[in-house]
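Asker: A predicted structure for the sequence below; I have some questions about it.
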Amino acid sequence: MTAGAMGAVAAGSVVWPFINQMNPAADTKALSTTEVDVASVAEGQAITVMWRGKPVFIRHRTPKEIAESKEVDVSLLRDKQTDEQRFKTKPEWLVVIGVCTHLGCVPLGQKTGEMRGDYNGWFCPCHGSAYDTSGRIRKGPAPKNLEVPMYSFISDTVIRIG
Amino acid sequence: MSAGPHASQRTPFQNPVIEWVDQRLPIFTMVNKEYGVFPTPKNFNYFWNFGAIAMFMLVTMIVTGITLAMHYAANTGIAFDSVERIMRDVNYGWLIRYIHMNGASFFFIAVYIHIFRGMYYGSYKAPRELLWIFGVVIFLLMMATAFMGYVLPWGQMSFWGATVITNLFSAIPVVGTSIVEWLWGGFSVDNPTLNRFFALHYLLPFVIVGVVFLHIWALHVTGSNNPSGIEPKTEKDTLPFHPYYTMKDSFGLVVFVAIYAAFVFFMPNALGHPDNYTPANPMVTPAHIVPEWYFLPFYAILRAINFDIGIPFTDIVFFEAKLGGVLAMFGSIAMVLIMPWLDKHPVRSARYRPKFRVALLVFVVSVLALGKIGGMPADAPLAHIGSFLLTTTHIAQILTLYYFAFFLVILPYLSKRERPLPMPESINDAVLQGQKSDQKSEKCCEA
Amino acid sequence: MKKNMEKNSMFKKLVLTSAALMALSVPSANASESKGVHEIVDVPFSFEGPLGTYDKASLQRGLMVYRQVCSACHSLKRVAYRNLEALGYTPDQIKTIAGDVTVMDGPNDEGEMFERPGRPSDRFKSPFANDKAAAAGNGGAVPPDLSLITKARHNGADYVYSILTGYAEAPHGVVIAEGKHYNKAMDGNVIAMAPPLSDGAVSYEDGTPQIVSQYAKDVATFLTWAAEPELEHRKQMGVKVILFLCVFAGIMYAVKRQIWKKVH
């Protein structure tokens, strides 16, 4: 009995390292989440941060932009999502992955003065997809809204992505 | 292959060297027993070539694979470049790589025909169930190997195919995400993923060799099935494997290889996707991510489940659409695995089961059609029927329904109800009947 | 007995249907790729067909077009100058071509990077240091590397030709954003690349017409070679292999018949 139990413990301890070695390594884990302090981003401005190798757009929306996004008749959209489904807790902060859902180009509209397209959100320079201030696809060939990554507010102005 | 116990009864060989070896390890006796004089039904048609052809393809893939591995580098930074170096600078590198690349397709062609033959002639039925199960295991291992191999060139389709397929596991409730990150070794398909896929892509073919050995061992215990599905009764029903089937298999193999060579030399990229000649870029998603053609029917089944499975008109959901699709896809292969227990009709061959034959051929057509749909975008509009817009997804759903109905409804029903046609007494009688019926058509398909 | 015949014809039908479906399922992927109209012109090229070979004069002209026009934005980083031997250039000519560019090398003994003229063993020099620089210099869109372009696009050489000759006025009602161009061959009809070719832009010395369609054809030929330098060798070997296998199959069939004669 005891010998069998000891054997099982031994087998388990030997197997575990061989299974666990496949999990993300320490250097990979170090890059899995990123914390962004958005205190310095004024209303109407946006910043881009890199997360897991992809650009993430964080936009400080103006009340007007939020109102515009809410007014949209969802049933007319290609990828039907209300504005409420697009942000978490704070409507003024919109966080989306900055990869066009058509062919994955990085849309313009982050920097002031850049083209933002017909819906004042983002505009993809490759094939002309236009996103609204909620990151939803409104015009052009892209099939889906810009993806919203996992994120949470760890304080009023610090967002943890991932 | 159980030469051991019989070693004492062996007959001596003329050649002293062979005899010396054989006394100590009766390997020549075994080869002679299993491939020389092995009694084999005499009525095989050319469908019976595909086992040997699949074996040839396995060896081809291992030989070309090992040589490619001598030049390939499994690192995201240089994997694509190393493949291009094989194509451009390594002596005959392009040839070896095209043989390997198209070899995957032709291996699957051979194995799909081999599986169809097993289904049509009832080779899965008792006493060959275990033989059949080993076959399905080989098929699953092949799929895993092919999938990981396709990732190695690190082109766009490699990367995004790997992303889509590994993400399937995220559909598993609770532990899904952990499993996917464990598979990736990170938070997306990246260098650790490529590196381990290479290690496994190199390993799995040898596991396949092991299971093939068991498959053949099991075959040589029960003996081969044959087009009539009747077990050999007398010596009149069989022939020694050599030279009859060695020569017949060789002829079929050369024809198969000629078609394979036509692809390798004249249209090496016809079965691939152009996107895989663009280096992988996690920032750029291709317009349509499609797997290799041999996975398309399963991909179509996966996408056909685009609805949550639960109790209608309530909010109760058992499986979300994503999980439902994954279950359907794996379930479709599980169906093949349990086929011996779904179809218990006493007659093996579809030749004497007209209803089963029709159901099976419809099944084959629906699998091919699923393959076609799998290569098209989901929800692509096909036609307007009144105000109803028919899309590819609807077709895929109907075909998927038939796929499962074939196994779960039609086979059990037919095994109870179908009345077989009158059958010949023995294989010998079946052959004689066949010869009388029509010389010309027999020549084409039956020997 | 009739049943047996039926069964056989059923098999044949099945095999034929499967073959037809397989054949269909390959181009299906292409069809699904297209959004909107995009016209690909089918150009007759010398390298098509099982016996096709490259037209060396066209390859040399194509190289000229690439070097004088395309190379301003597009890299060709998988092709080395030494490979130009296949275009019919002598080692000395290749040295001259390679020497036209300066490449960064090093570090030297002092630990510094230095510039030197290109050598035949160098790969074609890229116009931009990296993708970021390429994007910054081209309004955000990276001009793709051309070494594999004909393999990386459906219809390969025809696609390259069609893009180069596909520029046109946008049809009425189609608005093209600033910095973009209307192109009949492009997926979605909008392309970032400005029309690169114009009649007379490259001067040919061999009297070939100096018009856009000729430039496009030559450069498409050149880029096909860049993507598939092994093509001629592959096809020549293929003919021999297929012939050998056909004879071999014939002999195997005869052997098999001979052996099986006594059976039944």
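Answerer: Here it is on my side, so go on. Residues are numbered from 1 along each chain as shown, chains lettered A, B, ... in the order given.

Asker: Spell out which parts of chain C neighbour chain A.
Answerer: C:35, C:139-141, C:177, C:179-180, C:187-188, C:190, C:192 (C-beta under 8 Å from any C-beta of the partner chain). Any C-beta I mention is one placed from the backbone N, CA and C, and that applies to glycine too.

Asker: Go again with 6 Å.
Answerer: C:35, C:140-141, C:188, C:190 (C-beta under 6 Å from any C-beta of the partner chain).

Asker: Let me see the ranges of the strands in chain A.
Answerer: Under the criterion DSSP state E, chain A carries strands at the ranges A:34-37, A:46-51, A:54-60, A:93-97, A:120-123, A:130-132, A:137-139, A:151-153, A:158-161.

Asker: How many neighbouring residues does the closest residue to chain B within chain C have?
Answerer: For chain C, the residue positioned closest to chain B under C-beta to the nearest C-beta is C:G238, at a distance of 2.6 Å. For C:G238, the number of neighbouring residues by other C-beta atoms under 10 Å in any protein chain shown comes to 21.

Asker: which secondary structure element contains the closest residue to C:R153 other than its chain neighbours?
Answerer: For C:R153, the nearest residue in space outside its immediate sequence neighbours is C:Y159; the separation is 4.4 Å by C-beta to C-beta, 6 or more residues apart in numbering or on different chains. Take DSSP states H and E as the rule and C:Y159 turns out to sit in helix C:156-165.

Asker: Next secondary structure element downstream of that helix?
Answerer: Remark: after helix C:156-165, the chain's next helix or strand is strand C:181-182, criterion DSSP H and E.

Asker: on that earlier part again, for the residues of chain C next to chain A, which entry has the maximal number of neighbours?
Answerer: Using other C-beta under 10 Å as the neighbour criterion, C:V190 leads the residues of chain C next to chain A with 22 neighbours.

Asker: Verify the stated contact: that residue with C:K180.
Answerer: Yes: taking contacts as C-beta atoms under 6 Å, C:V190 lies within contact range of C:K180: 5.1 Å.

Asker: where does chain B have low pLDDT?
Answerer: Applying pLDDT under 70 to chain B flags the ranges B:1-8, B:437-447.

Asker: mind checking the SS state of the most centrally placed residue in it?
Answerer: For chain B, the residue sitting closest to the mean C-alpha position, by C-alpha atoms, centre = their mean, is B:V111 at 4.0 Å. Going by DSSP: H, G, I helix; E, B strand; the rest coil, the secondary structure assigned to B:V111 is helix.

Asker: on that earlier part again, pLDDT on the helix holding C:Y159, on average?
Answerer: Predicted confidence along helix C:156-165 averages 96 (mean pLDDT).

Asker: Output it in CSV, but only the C-alpha positions, please.
Answerer: This file holds the C-alpha atoms of helix C:156-165, laid out as CSV (Å, rounded to 0.1, in the frame of the first residue of the first chain):
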residue,chain,number,x,y,z
GLY,C,156,0.7,34.8,-60.1
ALA,C,157,2.2,36.5,-63.2
ASP,C,158,-1.2,37.4,-64.6
TYR,C,159,-2.0,39.1,-61.3
VAL,C,160,1.2,41.2,-61.5
TYR,C,161,0.5,42.1,-65.1
SER,C,162,-3.1,43.0,-64.4
ILE,C,163,-2.3,45.2,-61.4
LEU,C,164,0.3,47.1,-63.5
THR,C,165,-2.0,47.6,-66.4
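
Asker: Give the other helices and strands that that helix contacts.
Answerer: For helix C:156-165, the packing partners by 3 or more C-beta pairs under 6 Å, 6 or more residues apart in numbering or on different chains; DSSP states H and E come out as helix C:212-227.

Asker: and with 7 Å instead?
Answerer: In terms of contacts (3 or more C-beta pairs under 7 Å, 6 or more residues apart in numbering or on different chains; DSSP states H and E), helix C:156-165 is packed against helix C:149-152, helix C:212-227.

Asker: now for the helix or strand hosting B:D429, which elements pack on it?
Answerer: Taking DSSP H and E as the definition, one finds B:D429 inside helix B:427-437. Helices and strands touching helix B:427-437, by 3+ C-beta pairs under 7 Å, 6+ apart, are helix C:2-33.

Asker: could you point out which element follows the helix it packs on?
Answerer: As assigned by DSSP H and E, the chain's next helix or strand after helix C:2-33 is helix C:56-68.

Asker: could you point out which element follows that following helix?
Answerer: Sequence-wise, the next helix or strand beyond helix C:56-68 is helix C:91-99, with elements assigned using DSSP H and E.

Asker: Residue for residue, what is the longest helix the chain has?
Answerer: Using chain A. With DSSP state H applied, the helix covering the greatest number of residues in chain A is identified as helix A:2-20.

Asker: hmm, I had chain B in mind actually
Answerer: Chain B, longest helix under DSSP H: helix B:191-222.

Asker: ok, the very next helix or strand once past that helix: who's next to it in the sheet?
Answerer: Past helix B:191-222, further along toward the C-terminus, the next helix or strand under DSSP H and E is strand B:238-240. Sheet neighbours of strand B:238-240, with direction, are listed as strand B:39-41 (antiparallel) (DSSP bridges).

Asker: so what secondary structure elements neighbour the helix or strand just after the strand it pairs with?
Answerer: For strand B:39-41, the succeeding helix or strand toward the C-terminus, using DSSP H and E, is helix B:50-69. Applying 3+ C-beta pairs under 7 Å, 6+ apart, one finds that helix B:50-69 contacts helix B:93-120, helix B:191-222, helix B:241-266.

Asker: Adding distance to chain A, write those helices out as JSON lines.
Answerer: JSON lines is the format used below for these (distance: least, C-beta to the nearest C-beta, whole Å):
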{"stretch": "helix B:93-120", "distance to chain A": "25"}
{"stretch": "helix B:191-222", "distance to chain A": "7"}
{"stretch": "helix B:241-266", "distance to chain A": "30"}
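
Asker: And the ones you listed: which comes nearest chain C?
Answerer: In terms of C-beta to the nearest C-beta, the element of the helices and strands packed on helix B:50-69 nearest to chain C is helix B:241-266, at 2.6 Å.

Asker: So which elements touch that closest one?
Answerer: Contacts defined by 3+ C-beta pairs under 7 Å, 6+ apart place helix B:241-266 against helix B:50-69, helix B:93-120, helix C:231-260.

Asker: which of those is buried the deepest?
Answerer: Stretch with highest mean neighbour count among the helices and strands packed on helix B:241-266: helix B:93-120 (a mean of 21; mean count of other C-beta atoms under 10 Å in any protein chain shown).

Asker: right, quick check: the helix or strand that it is followed by against chain A, any contact?
Answerer: Following the chain from helix B:93-120 toward its C-terminal end, the next helix or strand by DSSP H and E is helix B:129-151. No: Helix B:129-151 stays out of contact with chain A when judged by C-beta under 7 Å from any C-beta of the partner chain, the minimum separation being 13.9 Å.
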